[in-house]
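> coordinates only, sequence not included:
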Ligand code: NAP
């Protein structure tokens, strides 16, 4: 099979396409023929060597993908050869490849209504958004959520999930195109996170109360100001951050507010199973519709890694083997 390999950490150019032996499934494992692989920002941090958990070199990047089950090992009961699936993670090798070897628990049915590219946009973005909203913030129907960075993969997922769950949704984006996307994908109100003083509008839009939940994609820029627009009992979930930030802890005291960190790999097997059960229902009934912004050939993985770090996010970037 062809796969992208990283032999040393560095810029996007360290990713090369190579021939590797086809993986074979052991007991409890599944080999999937990858039809589309999702690109996440974390893939770029891992490639650059700037991530808390790094794979052994050389490795194949990629956590998300969708495809067709090629072979299932002994004892696998949840999927069969020929079934359409989306994957969240793989074993030993990554998903930027023609074939991926997965544990049974890493593959989930992909409903016919979704394309493979949409399937490649599910696992990390939707599971992150779901875990942030419900397993960390404990969001409830009727509350207001500010999705701070609503135009990207996690943001659009959060808009759809929150809207379907009966929350009042405010989304931010930095471009006209991104704000249009946020409105289309579920935001009741849309703000420009590049406009001066835009967070004041969160207070106005909520009748002076503030947001009950804030999903934060860039905490090093926003956390200090987020705390000033939280409702009493409000919760900020730090999903993304690229540095340090100054906050006034008093802003949390008067509100009984909470700052909650999260990374998806901390989800326990039981939490992960619950997340994917919920996502499966939403994918099946059409409330969850992953947005694919761009499809590139697998050989252009380096270009995808450069593009995902540019401003003006618009859904997911996926690679097609
Ligand atoms: P993405 O598709 O590249 O989107 C990035 C988002 O950040 C866009 O909506 C972008 O908006 C927005 N942004 C840019 N400047 C901002 C600002 N000043 N304030 C608020 N938002 C701003 O990335 P993604 O896949 O959605 O991931 C979002 C973040 O979550 C990344 O930092 C990623 O590493 C992190 N993440 C964390 C986990 C976890 O387990 N904790 C899992 C997945 C992702 P514009 O481009 O419209 O300006």
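Okay, I see it. This one's a predicted model, so the numbers in the text were calculated from it and none came from an experiment.

> all contacts plus neighbour counts: C-alpha atoms, from now on.
OK.

> what does the stretch 201-321 of the chain have sitting close to the ligand?
The stretch 201-321 of the chain has residues 217-218, 239-241, 262-264, 308, 311-313, 315 near the ligand, with proximity defined as CA under 6 Å from any ligand atom.

> how far away is residue 147 from the ligand?
Here residue 147 is placed at a distance of 8 Å from the ligand (CA to the nearest ligand atom, to the nearest Å).

> who does the helix or strand encompassing that residue pair up with?
In this assignment (DSSP states H and E), residue 147 forms part of strand 144-148. Neighbouring strands of strand 144-148 in its sheet, by DSSP bridges, are strand 168-173 (parallel), strand 211-216 (parallel).

> and the next helix or strand past it?
Next element after strand 144-148 (DSSP H and E): helix 153-164.

> so which bits of that next one are buried?
153, 154, 155, 156, 157, 158, 159, 160, 161, 162, 163 (16 or more other CA atoms under 10 Å).

> do the same with stretch 94-113
For stretch 94-113, the neighbour count (16+ other CA under 10 Å) marks 94-111 as buried.

> about what we covered before: could you dump the residues of the stretch 201-321 of the chain next to the ligand into TSV with pLDDT, secondary structure and neighbour count added?
Shown next, in TSV, are these (pLDDT from 0 to 100; DSSP: H, G, I helix; E, B strand; the rest coil; neighbours: other CA atoms under 10 Å):
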residue	pLDDT	secondary structure	neighbour count
217	98	coil	22
218	98	coil	16
239	98	coil	20
240	96	coil	18
241	96	coil	15
262	97	coil	16
263	95	coil	12
264	95	helix	16
308	95	helix	18
311	90	coil	11
312	88	coil	17
313	84	coil	23
315	90	coil	24
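
> wait, doesn't residue 214 sit right on residue 143?
No - with contact defined as CA atoms under 8 Å, residue 214 and residue 143 do not form a contacting pair (10.9 Å).

> between those two, point out the one with more neighbours.
Per other CA atoms under 10 Å, whichever of residue 214 and residue 143 has more neighbours is residue 214, with 28 against 17.

> from residue 186, how far out is the more buried one?
The gap separating residue 214 from residue 186 is 16 Å, by CA to CA, to the nearest Å.

> got it, and residue 109?
25 Å.

> got it, and residue 121?
Residue 121 is 17 Å from residue 186, by CA to CA.

> same check, this time on residue 180
10 Å.

> more crowded one of those two?
The neighbour count for residue 180 versus residue 186, taken as other CA under 10 Å, is higher for residue 186 (23 against 15).

> how many neighbours does the residue nearest to residue 312 when sequence neighbours are not counted have?
In space, and not counting its chain neighbours, residue 312 is closest to residue 175: 5.7 Å by CA to CA, 6 or more residues apart in numbering. Other residues within reach of residue 175, judged by other CA under 10 Å, total 18.

> and for residue 75?
Using other CA under 10 Å, residue 75 has 11 other residues around it.

> now do it, the pLDDT please.
Note on residue 75: pLDDT of 98.

> begin at 33 from now on, thanks
Okay, using 33 as the starting number, the last item reads as residue 107.

> helix, strand or coil for it?
coil (DSSP: H, G, I helix; E, B strand; the rest coil).

> what angle do helix 185-196 and the longest strand anywhere in the chain make with each other?
As assigned by DSSP state E, the longest strand anywhere in the chain is strand 61-71. Calculated by axes from the mean of the first three to the mean of the last three CA atoms, to 10 degrees, strand 61-71 forms an angle of 100 degrees with helix 185-196.

> so what does strand 61-71 touch, helix or strand wise?
When contacts are defined as 3 or more CA pairs under 8 Å, 6 or more residues apart in numbering; DSSP states H and E, strand 61-71 sits against strand 96-104, strand 131-135, helix 148-151, helix 333-340, strand 348-352.

> let's have these in a markdown table, adding distance to residue 255.
Shown next, in a markdown table, are these (distance: least, CA to CA, whole Å):
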| stretch | distance to residue 255 |
| --- | --- |
| strand 96-104 | 28 |
| strand 131-135 | 37 |
| helix 148-151 | 31 |
| helix 333-340 | 23 |
| strand 348-352 | 25 |
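
> between the ones you listed, which one is closest to residue 278.
Closest approach to residue 278 among those is made by helix 333-340 (27.0 Å; CA to CA).
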